[in-house]
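> just coords:
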C-alpha cells in the first residue's frame, strides 16, 4: 500500500481559504503507529508550518484539517482501539453534552479557548457505543447545530456527513487510493476525480480499495447556500454543482433584472469576480479591473498582527487603476453585504479616484437573520449587520416584524435597501431575489438553507 | 521636512513584480547621515526582509531598488561628496569601461556574480566629472545598451532616464513630497499623483518642493513594447498610456481579425488576463476562468528551491475547473510565446481536463530576434525561442533570412506558426500583427522598440 | 494577587539541564481561565520557544515543565473541575493501568510516542477520587516505578512527592508568593528562599499565602544518589544538601584513598568539575583546564541533527590546551562511567595532544545494575555498560553472580576495573567506594537508593 | 588541491569571542572565481548565519573574519587583479588618508557606520603600489594606530602583521594545508599545529605547500598585554606563551604578595577563572564556584536587545550557590576593573547571599590611560574608568599628574585604590604590580605595550 503523506498534506493545504488559525495532520502506518501534529497557522502558511515534519510522517492512511476553532484532529485511545477524529461542527448544546460526559466520569483532557474541545467531545460520544457506525449515529442524534466528521482508524477512514447536509463531504478516487474532502478543488492536481457526493447524514468508509456506504443518506437536506455564493473555491463543486458556474448564473440573474447603463462591470476582489463575469457576459458591458491585487508581496494578512497592520494590508493590497475608473460609470458585483464597512471604504476610494457612478449588485438577498448552524457563517450576530442598522434607523426599536424585510416587494424592504445605499454612498444598489439565487444554485428550494435570508429553518 | 521612510519602503515593495533576487534601500538625514541596507530576497518577501530594520532608518530623502542582477544602491564617497546610486541597466561594453577605470587606478570594491558591479561602474563614471549633471551625461554617452538611473545626495535626487527611453522614469507628487518611480502603480496608495513622464535622456532633480528639469529630453525614443504587453503592473502607465487598457486594446485587435467559434474566452494567468477580457468584451464570447490560482498558500515560488520544487509550485498553483473546461471550446490569450514549454504543459492539462478545442491568441508578433538592450527582456538568447526551433525544423541551417519570418504575409511565417501550433498541440494559433500592436499601444511607430519582432533598431 | 508568569517562565527555564525534548506552561487567572502551551524544544531553547507567547499569558498561579518524554502539563476537565497536571515519573505498570481505565470507559485523548500519555493517565487516576488529596494518594498507591507530581487548580497547587522520595520537590518562598520546584537553583535569582524540603510521599498545597501539609511524609526514603553526583545543577540542594559541596566531598574522598603523583588535576567538562576541585583542594596538586569549552557558539547540540552533526559538536566544543597537556601527568575526575565511549575518545585526544599519564578517578562505584525506577537514569539497559562488557569478557556467559562485582575487595571487581582501564587506555583507574559516596552525600545509608551500584532496592 | 571551506568556516567561528557584530567569508576557486558573504551576527551565531550558504561556496583558498566594526572582507578589482582583504585595525589618521585617496580620484564604494570602510581604505592603499608586498608595506607605513591584515588572491594569502606587533598573526600547518590565524585555539580541532608566530611588521605568504617570509620582522614590539590577561581564549598562545598558563602565573603572583585568610578562592566568571585557579593552587585555599553559569539556555546575550533585556541576561545567567557563600570569606580574582559597574553588582549579590568577606584581587595594574592603538581595548575613554572617578573625587580637577597614580608605592595610588574599594563595597582590594604582570607574561618588558597602565608608548 502506498504512502499517502503527500496527498494528505497538499490536499489539506487546498482548504486554507477556509481557515487561518489552526491545522493538524494525523497518519497511521503499521511500523510507526499513529502520528499527529497540530500547529497554529496564525503567523505562517500551513505548508511552511508542517513541511519540516513531513519526512518524519509515514502512513497509508491519513487525515488533515484546517480549523478556525479547536485544535484537531483528536487522537483517542478507547475500547474501540485508537482512532483520530476531525470535525466541521457547531455544537449548540455543548454545555449539556459536557455535563452528560462528566456525569459518566469521562474527563476531558483537551481545551479549546478556555472550554472543552468540541472534537474531543465528539470522540467521546463515538466511544460511548460498541462500534464506529453506532458511535457516529450517536453524534448525529445528540448534537444540535451541525457536524460533519471523519474518523481514522488503523484500517480505514469513516466519514459521517451532517444529518442535514449543512456542510459537504465528497469522495474522490484515483488509481490505488480513495479520499474524502470538503472541497473538490483539492482533487485534480493530486490526480483524483470526484467519485461520490455523500448525502445528508450518510455514513461510509473508505479504504485504498473503495468506498462502502454504511448508512443511507436522509431525504431532508439544508445545505448552506453560501458554499456557492462565497465560501467555496471557484473550481470546487458541491452536490455536483460548480461554484464559479453558479456565480456566473448569479451574475446573469442580476443582469436579467437590471437595466443600468455603465462603462464597465467589475467584481469586488476576490468575492465578486465570478458574479461580475456572469453579469458582464450577459449584458455585454465590458468587464474590467478597476483594482488589481498586488499579490507579489501582499498575499495574506496574518491574524495576530495589530489592527493597524490589518488596515494597512487592506489599504495596500488593492491598487486602483485611474485609467479605468476616472469619469466612468461602473457596475460592481459582490457576494453579499455583511456589515458593509469595507464596501464603504471601497466606494470612498473609487470616488477619490474620480469614478462617476457606482452601481452595486449583490449576488444574494439581504442578510436579515444570524446563522445558528455554522461557525463560519457570513451572517453572525445580527447586531452589526448592515440590514439591522438600516432597520433600526427606520423603526428605532428592538422588536420588529422581520418577515417584511425579507420580502423584496414590501415597502419596508425598499426603504431598508435605500438606507443601505445611502450609507454606503452608492448611486444604485440591488440585491438578488431569493428565487433567482435558488435557481442559480439549481437545487430544489427545500434542499437549501435560506435561514439568513428569510429565517426559515428546520432541525 | 517629513520622514520618507514609509513611502520609499512601500513604494519599492510595489516594484516586486520586476525582480526576485536582491533589494536595497538608502536614506539620508542630517542626524544619521547616509544609511543603507541590501538583502537577498530569494527566500522571502522584500517587506519581510527589511521591516525589522525600518525603525532604524530615518530620512527626508531615500532610494529603494529591486534588482535581479547586482546589489544596489551603491553608496560612493568621492570628491562630489557622498551619494547613492541605483540603476536599471544593461551595459554591453562593460569590459571596456572596466578597463578604462582600472587604467585610471579606480579600483572596484564591489562584486556582482563574479564580475564588477555595474552600478559601482556607473557611480565611478559619474564621479569622473565635476558635477552630477555632467556625470550623468557621461554615463549616457559612454554606456552601450541602456541605463536609467537615480542618484541620491544629501540635498536631492537626480534622475537620468536612458537616452533612448528604453526604460521609464515617472515623477509623482503629493503635498510636501515628490517621488520618482519606474512603476506608477506605486503612487496612488501612497497618496501620489503622476506629475511628469520624464522623456528619453532627460535629466532632472527632485526635492520636497518640486521637480527641476536639468537637461531636455531627446527627440528619439525606443521604449520597450513589453512594458505594456507583459512587464508592467496592470494599473501602471508609461508615456501616459495605461497597461491594462493597452492590453484590452491588444485583445480587441486580435478579436477584430478573428472569427473563431468558442464557448468561452480565458487568459493564461496572469499574463493573458487583460488581453483576454479585451477579446471577450469585443466578441461577446463569455469570459471564464478555466483555472483558478490557489493564492491562499501558493503566492510565489522563491528562487533557490530545487527545480523539483519549482515544478511542483507550477503544477499546484493553478487548479483546473472541469466544470468550465470539459467538452468545451476555449479561446486563450497570452502576451507572447517565448520557449513555449509552459504553454505546452498548460495545453496538456487542459486536454486531460477534457477540453474540446484550444485556440491560442498571442498579444504580440512572434519573437524572432533576441534583445540586446535590456537585462529583463522576454526575448533572450534566440536559440531556445519557439520561433527558432520552428525555423530550424523548416530550414535546418544556422544562417537564414530572418526578415521573411517577421512578415506575417509570407509563406515562411505561416509555416513557422503552423510548426509552433503543432508542437504546442493547439487547434489554432494566431499572433498579433505588428501594426495592430503599435496601434494598441498608441505611440508613433518610430518611438517604440520593435527589435525582437523585426530586428529593427538604432542606438 | 500578583502575576506569576515571569516567575514560572524563568523558573521552568532553570530546569533546562534536565531535558531537551518538550516543555509546557499552564496558567490560571479569573479573567482568562486556564491557558496552556506545549512546544518541542528539540530545535531551540525553551525561552525562545515560549517568549513570543508570554504577553498572552496571565495568572496568579502557574505551572511549567521540561520533559524528555510526554507532552505536559495535561489540562483535565472533570467532576473535580478543571485542573492541570505535571509529573516526573516512570510508570512500570502502565499497560495494566491503561486497561483499568479503558474498562471503566475513560478514553485517552493524548498520545506520547505512540502510546498513551503517562501524565494523562495520572490525571485520570486523580479524577477517579472525590477530592485531590485522595486522588494523589490513589496515584501513589497504584503506580509502580516512581512519580512526583504537581496539580494546579484555580485555587492552589497541590504537590505530591514520590512515595519513596526518588525525585525531589522543594518549596520556596518570597514576599507574597510560594513556589514548588525540582531544582532549588531556580530560586535565588527569582527572589525565593528554600522554605521546606517535602518528604517522601508527602502531599501538600501552596497558595500565595503559604504551604499546608495535607499528608505526612513516609519514613522510608530511596532518593537517587545521582541527583548529587550527576543530574543536579551545582547550586541546587536536595534534602538540605548542596550538589557542588557534595561533589567536593566526593573528590576529597577519592583523594584520601589515593596516592598518585601528577602535575595537575582536571574535571571532565562539565560533569567532573566539582569532583575535581574537591580532589585538587585536598591534594594540593594544581587544578587546571586541559580543555576549554568553546561556549561563544557551541552552547548546546540540538537533538534532531544527524549523528554526524552531533559527533561534530562533541568534537568541536572542547578545545585542548597543549600548553597544559603536553608531557604532563594528569588526574581526571568524572561522575561515573556508563558506556565509556566518550571517555575513550577523550583519552585518545589527550594522547594526541601529548599527555604523559592519564589517571581517571570516578565519583561513584561501578554501575552494575540498570535502574527500574527513573526514566532519566545514568544506568539504563545493562547490556552496553562498561562493567557489563568487562564482565562478559571475563566470564563469557549471560548468567553470573553480580554481587561479587559490586564488592570492591573481591578479585572479580579488581579484574573488571582492570579490563575497563585497559579498554579506555588509562594509566590508572579508581572508582569511589560505596560507603565513601554515602558519607559524601551525608544521608543515612538506608535513605539513598544504591540499586545501580549493588542491586539493593525495595518498593 | 582540497577544499578549504570547512576549515575556514570553523576556524573563523573559533574567533567568535572577539566580536559580536559582523562576520564575513571569502573563497576563491578556479571554477567559481571569488565568492563572498557578509552578515550581521548581532542576532544570531556566526555559524547559524552562514551555514545555509556553505554548500554554495567552494575554494582551495579562503578568508574569514569576525568584526565589531566594519563589514569585511572587502573584495577589490584593480590593476593587481582581484583580491580580498581582512584587517584588525585602528586607523587614527583615517580622515587624512581618506582625503589623500579622494584627491587621487579613488572613490569609496563602501560605508561603515556613516564613514568610509577602513578595510576598503587599506585595500586602496595596497592597490596604489605595483605589487602586494609593496602595497602592504605602504599600509604599514601610512597608517597610524595599528593594522594586521590578510590579503587573498587567486594564488595565495598574504599576511602582514602590525608593524609593532600589537595584534598577532600565527601560522598553522597540517598535511596539505597552511593557515593563518589570530587565535591558535582555532588550530587543534581542525588538525593544525602551530608552525610559526609572525613577528612585528612581518610580511609573508601562505599556499597549500608552505609559508614564505617576504619581509623580515622588525625588532621593536609592543604587543598588547590584554591578549593574555583578558581577550585570548584560554587555550590560545601568542609569541609562544599560553593564555591560561599566563593567567595561572598572574594568580600565583598575586598570591605571593598576599596574606589574606579566606574560606575559598573563586574567579569572576569567566574572566577571572584562570587567575583564580593559579591563586588557589599557590595558596591551598580551596577553589570553589560561588556562582555557576546557567549555560543550558543563557549562552550569549545578543546585542540589539534592549538594555532591560541585557540587564536581565546579566542577572539570570549566574546562579549563586548559597551553600558556598553563606557566612564565608572569599578571595575573588578578575582580570581588570574597567568601570566597575558589574563588579559592584556582583558584590551586592554576594552580600545578599550572606557572604562574610569579599577580597578582590586584580590580575593587572589599574587602568589609568585610554588605549589609542586598538579598537577593542579594555581601556577606552578614560572618563568612565573606575580609576578616573576615584582620582576625580580625590583631586576634583581635570588636569593632574597621572604618573603618580601609576606608581603602586605612591600615596595617591593607595588613596585611589581605597576609593575604588569603598565604591565597590569590598573588604579588601589589591591590583597586580606591573613588574609582576610582565614577569607572568614572560616577555621582555620593552616588548609589551603597557600604555594603559603607565602611559608609556612609542609609535
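Cool, got the structure. Treat the numbers as computed from the prediction; the structure is a model and nothing was measured.
> which residues touch residue A:210?
Each residue near residue A:210 by CB atoms under 8 Å, 6 or more residues apart in numbering or on different chains is listed here: residue A:178. Every residue, glycine included, has its C-beta placed from N, CA and C.
> Tell me the bridge partners for it.
residue A:207 (DSSP bridges).
> Check the spacing between it and residue A:196 real quick.
10 Å (CB to CB, to the nearest Å).
> How about residue A:17?
According to CB to CB, residue A:17 stands 23 Å off from residue A:196.
> Please apply the same query to residue A:415.
47 Å.
> Neighbours of the residue in the stretch 351-459 of chain A that chain B sits nearest to, how many?
Using CB to the nearest CB, the single residue of the stretch 351-459 of chain A nearest to chain B is residue A:353, 7.0 Å away. Neighbourhood size, residue A:353 [other CB atoms under 10 Å in any protein chain shown]: 18.
> from memory it sits against residue B:188, does it?
Yes. Shown here, residue A:353 and residue B:188 form a contact pair, counting by CB atoms under 8 Å, at 7.0 Å.
> Which residue ranges of the stretch 251-400 of chain A form strands?
Counting by DSSP state E, counting those that start in this stretch, the stretch 251-400 of chain A has these strands, from start to end: A:264-267, A:291-293, A:318-320, A:329-334, A:357-362.
> out of the ones you listed, deepest packed?
When the strands of the stretch 251-400 of chain A are scored by mean count of other CB atoms under 10 Å in any protein chain shown, the highest mean neighbour count falls to strand A:264-267 (a mean of 26).
> beta partners for residue A:78?
residue A:81.
> how about the nearest residue to residue A:339, chain neighbours excluded?
With CB to CB, 6 or more residues apart in numbering or on different chains as the criterion, residue A:339 has its nearest non-adjacent residue at 5.1 Å, and that residue is residue A:384.
> Next one, pLDDT for that neighbour please.
With respect to pLDDT, residue A:384 has a value of 83.
> before we move on, what about residue A:169?
Residue A:169 is given a pLDDT of 98.
> surely it meets residue A:199?
No. Counting by CB under 8 Å, residue A:169 sits too far from residue A:199 to count as a contact (9.4 Å).
> ok, these two, which is more surrounded?
Neighbours per residue (other CB under 10 Å) separate residue A:169 from residue A:199, with residue A:169 holding more: 23 against 19.
> give the contact list for that one.
Neighbours of residue A:169 in contact, by CB under 8 Å, 6+ apart: A:148, A:150, A:159, A:161, A:180-182, A:198, A:202.
> Throw the residues you listed into JSON lines and include distance to chain D, secondary structure and pLDDT, thanks.
Formatted as JSON lines, the contacts of residue A:169 follow (distance: CB to the nearest CB, whole Å; DSSP: H, G, I helix; E, B strand; the rest coil; pLDDT from 0 to 100):
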{"residue": "A:148", "distance to chain D": "43", "secondary structure": "strand", "pLDDT": "98"}
{"residue": "A:150", "distance to chain D": "38", "secondary structure": "strand", "pLDDT": "98"}
{"residue": "A:159", "distance to chain D": "43", "secondary structure": "strand", "pLDDT": "98"}
{"residue": "A:161", "distance to chain D": "46", "secondary structure": "coil", "pLDDT": "98"}
{"residue": "A:180", "distance to chain D": "39", "secondary structure": "strand", "pLDDT": "98"}
{"residue": "A:181", "distance to chain D": "36", "secondary structure": "strand", "pLDDT": "98"}
{"residue": "A:182", "distance to chain D": "37", "secondary structure": "coil", "pLDDT": "97"}
{"residue": "A:198", "distance to chain D": "46", "secondary structure": "coil", "pLDDT": "98"}
{"residue": "A:202", "distance to chain D": "50", "secondary structure": "coil", "pLDDT": "98"}
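> For those, pick the one with the most neighbours.
Greatest neighbour count in the contacts of residue A:169, by other CB under 10 Å, goes to residue A:161: 32 neighbours.
> And that residue, how far from residue A:217?
Separation of residue A:161 from residue A:217 (CB to CB): 8 Å.
> likewise residue A:48?
If you measure residue A:48 against residue A:217 using CB to CB, the figure is 38 Å.
> ok, and the closest non-adjacent residue to residue A:98?
Leaving aside its chain neighbours, residue A:98 sits nearest to residue A:116 (5.5 Å; criterion: CB to CB, 6+ apart).
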